[in-house]
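S.K.: with the input below, show me the fold.
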Amino acid sequence: MENFNVLDLIGGLALFLFGMNIMGAALEKKAGGQLKSLLGKMTDSPIKGFLLGTGVTAIIQSSSATTVMVVGFVNSGIMTLKQSIGVIMGANVGTTVTSWLISLMAVDGAGFMQFFKPSFFVPILAIFGVIVLMFKKEAKSKDTATIILGFATLMTGMTMMSDAVEGLKDVPEFANILTAFSNPVLGVLAGVVVTAVIQSSSASVGILQALSATGAIPFSTAIPVIMGQGIGTTVTALISSAGANKNAKRAAFAHFYFNAISTPILLAAFYGLNAVIGFDFLDDKVDEFWIAVINTVFKLCCVALWMPFTKLLEKIATITIRDKDEKEHYEILDDRLLATPTVAVERCKTVTERMAEISKVAIDGALNLLGNYDKELYERVIEYEKKADRYEDRLGSYLVKVSALELSDNDAAEATKLLHIIGDLERISDYAVNILNSVDEIRDKKLNFSGECQKELEVMVNAVRGVVDLSYEAFNTGSLEKAMLVEPLEQVVDDLKDGLKARHINRLQKGECTIELGFVLSDLLTNLERVSDHCSNIAGLIIEISHKGMDIHKYLKKVKKGENDFNERYAEFSQQYSLETV
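M.R.: Numbering: from 1, shown residues only. Below you'll find the model as predicted:
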């Protein structure tokens, strides 16, 4: 045992796990745009779901992270249980990428192949990564450097572990322990326990690859241990599903059953064939390369076994978590998505779009009530305003959590934009209720605007509708062109407010209107004008982001000085919403 260094083994394991963690996080951050694109192409096809799961997991190199992400998607309503099954299958295959990277340790160092040995290229990668990290300021370059350093750290840890355990090859006790794991049941249990503890099948396979450097691990030990690792990795998803809705729990159990049922079937099939044919290689020793091969073949066999029976897997998961056992509830946002910041930001955008629709329906309903009272519509506006408040509370808290994460520049800008926009959306719904208060006052006091005043008010209401439509379309589509139209129309709304007040004073002086009606009209005009102000804020944020964080107030000053086509658009809107036609 004198050649076995426990401290080197522990230190190597620590570096290996740390390197895997920082490399995976950096890869996930770097691939944010691709993740969004992949999610956008999701379909009900198990094959396409499988390819999606394989791709995402190959990018972030963690099947546990992918399946936890899937549980969060199902819980949030982004993904159905049926869609999740194909992705889960792909995640199991995608996680084998790490084992293939580690298998480079087994490359023969002779001749040209020495350039592929970690001992040759890892120091070069580490130096390059450090230089980029120290001297490059761009976030993308730093992310790339972090990926490189993470990989270098991972491989350094693997080398330390392999060197630390190399002396065990001559220790009889160690050989006896490994022989015990040649028993299929014990081997599977060992794989389950180790992977469940460290919650990463990639790390568990990596540890097995490090131990294979002793030259003492036969195929008969490696095969059942790797099969058990597939079951152990499901623990993370099962834990993450606690407190989730029934479909999210079903997705976690689908992941569990996929591995837990596959393992005994494939284990029985393999040893059944061995009993009939007699495999000669079982006593041969494995190295890092052959462990990667066994891991990949096993995962592909699991997929082949279940791919024709995805509906059966869905049914088993549904039977496990029955409808009556679960109280229905819907989380518009899920903290599980915080493990994938890019996806969390994208989800916030989707939920904010839903909030925008709620707020728009509220203000449209309030404007409709000015001309034609409807009790049912009145109550709906009240309910929509309350719903908008709930959305703002949940989104605001969630976006604060998201903003505290390590985000790419684009995601950080998007999160900041959404934090401001949800406040504007909530205020718009508040002004919808303020307009209802004016409607109540008109009805309670039996007040009547003059025909001329009603027509003038209708012009301003139509202009406000136009501002609302433009700003909401700009937000939902990201259209800079639509956003640029909001400010000139908002200026027209300001002019209309002043014009209506001046005309009211004129009628008041002629005795054609009352002071009481003037108070109601003034409140209405103020609320309408403030709705357009908040729409201007939304459009301004879209413009600000598109101009890489430029100061929106300086921008507005410039456009109002005619430094673009503001004056031309303003003139067009002034003519379209003119009081002179009344």
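S.K.: walk me through the domains of the chain.
M.R.: In the assignment given by automatic domain parsing, the structural domains of the chain cover 6-323, 335-581.
S.K.: so how far is the first one from its chain's centroid?
M.R.: Remark: domain 6-323 is offset 22 Å from the chain centroid, using Cα atoms, centre = their mean, to the nearest Å.
S.K.: quick one: the domains of the chain as a markdown table, columns for mean neighbour count too.
M.R.: Yep, even glycine has a C-beta here, placed from its N, CA and C like the rest. As requested, these are exported to a markdown table (neighbours: other Cβ atoms under 10 Å):
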| stretch | mean neighbour count |
| --- | --- |
| domain 6-323 | 20 |
| domain 335-581 | 18 |
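S.K.: packing partners for whichever strand or helix holds V461?
M.R.: Here V461 sits within helix 451-477, counting by DSSP states H and E. Contacting helix 451-477 under the criterion 3 or more Cβ pairs under 8 Å, 6 or more residues apart in numbering; DSSP states H and E are the following elements: helix 341-371, helix 480-509, helix 515-546.
S.K.: again, only using 10 Å
M.R.: Using 3 or more Cβ pairs under 10 Å, 6 or more residues apart in numbering; DSSP states H and E as the contact criterion, the elements in contact with helix 451-477 are helix 341-371, helix 409-444, helix 480-509, helix 515-546, helix 566-576.
S.K.: and the domains of the chain, which one's lowest on average pLDDT?
M.R.: Taking the mean pLDDT of each of the domains of the chain, the lowest value is held by domain 6-323, a mean of 77.
S.K.: for the closest residue to I435 other than its chain neighbours, give me its contacts.
M.R.: In space, and not counting its chain neighbours, I435 is closest to A366: 4.1 Å by Cβ to Cβ, 6 or more residues apart in numbering. Residues in contact with A366, defined by Cβ atoms under 10 Å, 6 or more residues apart in numbering, are 377-378, 381-382, 384-385, 428-429, 431-439, 527-528, 531.
S.K.: ditto for S471
M.R.: S471 is in contact with 356, 360, 421, 424-425, 428, 482-483, 485-487, 489-490, 531-532, 534-540, 542, counting by Cβ under 10 Å, 6+ apart.
S.K.: how much space between the residue nearest in space to the middle of the chain and D411?
M.R.: With distances taken as Cα atoms, centre = their mean, V343 lies nearest the centre of the chain, 1.3 Å away. Distance check for V343 against D411: by Cβ to Cβ, to the nearest Å, it reads 10 Å.
S.K.: swap in V56?
M.R.: V56 sits 17 Å away from D411 when distances are taken as Cβ to Cβ.
S.K.: now do A190
M.R.: 40 Å.
S.K.: now name the helix or strand holding L305.
M.R.: Under the assignment here (DSSP H and E), L305 is part of helix 288-306.
S.K.: so which residues make contact with the next helix or strand along the chain from that helix?
M.R.: As assigned by DSSP H and E, the chain's next helix or strand after helix 288-306 is helix 310-320. Contacts to helix 310-320, defined as Cβ under 10 Å, 6+ apart, come from residues 46-47, 49-50, 80-82, 84-86, 88-89, 246-247, 249-258, 261, 306-307, 309.
S.K.: and if we set it to 7 Å?
M.R.: Applying Cβ atoms under 7 Å, 6 or more residues apart in numbering, the set of residues contacting helix 310-320 from outside is P46, L81, K82, I85, G86, R250, F253, A254, Y257, F258, W306.
S.K.: which one is the first one nearest to, not counting chain neighbours?
M.R.: The spatially closest residue to P46, leaving aside those adjacent along the chain, is G86, at 3.9 Å (Cβ to Cβ, 6+ apart).
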